[in-house]
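Participant: Here is my input, please return the structure:
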Amino acid sequence: MAAGTFTLYDGVAEYLGDGTIDLDNDTFNITLHTSSYTPSGAHDVYTDLTNELATANGYTNGGAALTNVTWTRSGGVATFDSDNQVWTASSGPITARYAVIRSAAANKLLGYMLLDSTPADLTATDGYTLTVGPHASNGWFQQTVNPA
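Facilitator: Below you'll find the predicted structure:
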């Protein structure tokens, strides 16, 4: 499981507000990146990203679609969640430091996380899995509305 905090990119508030990103209906992909990737809040679209893993050893460049994505509300808190994403290393290791989620439909970036809080690379050796997932109770992120 991932250890870092999920950080939203700067443009997310605008894209959620104007409907460019639809948390209920869009397909979301998660990509893995090496330690050479430098996150920036100014990153906006998939092509802004650098140092994504190449297609090899059980990972496919472009990432994987998140499954069972939900955007649910309980009281004044809405939670964006999904199942964990699991990659199985085959014919060599999968090594990554960051994961990034984007709306595949809008091609807009949602957020990123450091996979190890040290920070250090995470490696799944041949035959083992690399699992990246949301917080067990808070999902990838939450939006809270404070009533007046």
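Participant: host element of the most centrally placed residue in the chain?
Facilitator: The chain has Ile101 as the residue nearest its centroid, 3.1 Å off, counting by CA atoms, centre = their mean. If you go by DSSP states H and E, Ile101 is part of strand 98-103.
Participant: Is it correct that Gly58 is in contact with Val86?
Facilitator: No. At 9.8 Å, Gly58 does not count as touching Val86 under the criterion of CB atoms under 8 Å. (Each C-beta comes from the backbone N, C-alpha and C, glycine too.)
Participant: What is the burial count for Pro93?
Facilitator: When neighbours are counted by other CB atoms under 10 Å, Pro93 registers 16.
Participant: can you give me the strands for this protein?
Facilitator: 7-8, 28-33, 64-65, 70-74, 77-81, 85-88, 94-96, 98-103, 108-114, 122-124, 129-132, 141-144 (DSSP state E).
Participant: So for the third one, mean pLDDT?
Facilitator: On average, the pLDDT along strand 64-65 is 98.
Participant: which helices and strands does that strand pack with?
Facilitator: strand 28-33 (3 or more CB pairs under 8 Å, 6 or more residues apart in numbering; DSSP states H and E).
Participant: Contacts made by the strand it packs on with the rest, please.
Facilitator: 46, 49-53, 59, 62-66, 69, 82, 85, 87, 94, 96-104, 110, 130, 132 (CB atoms under 8 Å, 6 or more residues apart in numbering).
Participant: do stretch 127-138 as well
Facilitator: In contact with stretch 127-138 (CB under 8 Å, 6+ apart) are residues 1-2, 6, 30, 32, 79-90, 94, 96, 99, 113, 115, 122-124, 140.
Participant: Quick check on these: which are buried?
Facilitator: For the contacts of stretch 127-138, a neighbour count by 16 or more other CB atoms under 10 Å gives the buried set as 2, 6, 30, 32, 79-82, 85, 87, 89, 94, 96, 99, 113, 115, 122, 124, 140.
Participant: Select only the buried ones of the contacts of strand 28-33 in PyMOL?
Facilitator: To isolate the buried members of the contacts of strand 28-33 in PyMOL, using 16+ other CB under 10 Å:
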select buried, resi 46+49+52+53+59+63+64+66+69+82+85+87+94+96+97+98+99+100+101+102+103+104+110+130+132
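Participant: what about the strands of the chain, which gets the closest to Gly41?
Facilitator: Closest approach to Gly41 among those (CB to CB): strand 7-8, 7.9 Å.
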